[in-house]
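*Asks:* predicted coordinates and the sequence they were generated for:
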Amino acid sequence: MTTKERKQSGDQTLDRASDLKNLVLFNDTVNTFDFVVETLIEVCGHDAFQAETCTWIAHFKGQCVVKKGTLSTLKPCCDEMTFRKLTVEIQ
């Protein structure tokens with residue numbers, strides 16, 4: 001493998017990494033703690049511990065990254081969570 005090939009391969013890796021986005025859950029005063037936990041389990045595929053931890057982080061810090069991935073992976077989760085009246089954003 002030449003240096004140029006390695007550089008191109010490395011650039012592709014950086015391009016893929018820059019394509020990754022965060023799905024951020026924001027705290028609100030509307031939804032119950034249990035509802036948020038259940039939604040994270042159902043929509044994001046969290047286990048109970050992870051969902052509860054993210055819910056506490058959002059509660060105390062105002063926001064929490066609940067999932068990372070490409071825009072095409074996060075969009076359906078974001079749409080479903082928005083449909084369920086949670087405040088989320090892809091960043």
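*Replies:* Ah, there it is.
*Asks:* from here on, contacts and neighbour counts on C-alpha atoms
*Replies:* Noted.
*Asks:* ok, and for stretch 83-91, which residues are buried?
*Replies:* The neighbour-count check on stretch 83-91 (16 or more other C-alpha atoms under 10 Å) flags Leu86, Thr87, Val88, Glu89, Ile90 as buried.
*Asks:* for the fourth one, give its distance to Val65.
*Replies:* According to C-alpha to C-alpha, to the nearest Å, Glu89 stands 9 Å off from Val65.
*Asks:* between the two, which contacts overlap?
*Replies:* Residues touching both Glu89 and Val65 by C-alpha atoms under 8 Å, 6 or more residues apart in numbering: Leu23, Val24, Leu25.
*Asks:* and the residues you listed as a markdown table, adding neighbour count, distance to Thr55 and pLDDT?
*Replies:* Output for those, formatted as a markdown table (neighbours: other C-alpha atoms under 10 Å; distance: C-alpha to C-alpha, whole Å; pLDDT from 0 to 100):
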| residue | neighbour count | distance to Thr55 | pLDDT |
| --- | --- | --- | --- |
| Leu23 | 23 | 13 | 98 |
| Val24 | 19 | 11 | 98 |
| Leu25 | 26 | 8 | 98 |
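*Asks:* if we ignore the residues flanking it in sequence, what's nearest the residue nearest the centre of the chain?
*Replies:* Central residue of the chain (C-alpha atoms, centre = their mean): Lys67, 2.3 Å from the mean position. What sits nearest to Lys67 in space, not counting adjacent residues and going by C-alpha to C-alpha, 6 or more residues apart in numbering, is Leu23, at 5.1 Å.
*Asks:* so what strands line up beside the helix or strand hosting that neighbour?
*Replies:* Here Leu23 sits within strand 21-26, counting by DSSP states H and E. Partners of strand 21-26 in the sheet, by DSSP bridges, are strand 63-69 (antiparallel), strand 87-90 (antiparallel).
*Asks:* buried set for the longest one?
*Replies:* So the one you mean is strand 63-69. Gln63, Cys64, Val65, Val66, Lys67, Lys68.
*Asks:* after that strand, which helix or strand is next?
*Replies:* As assigned by DSSP H and E, the chain's next helix or strand after strand 63-69 is helix 71-83.
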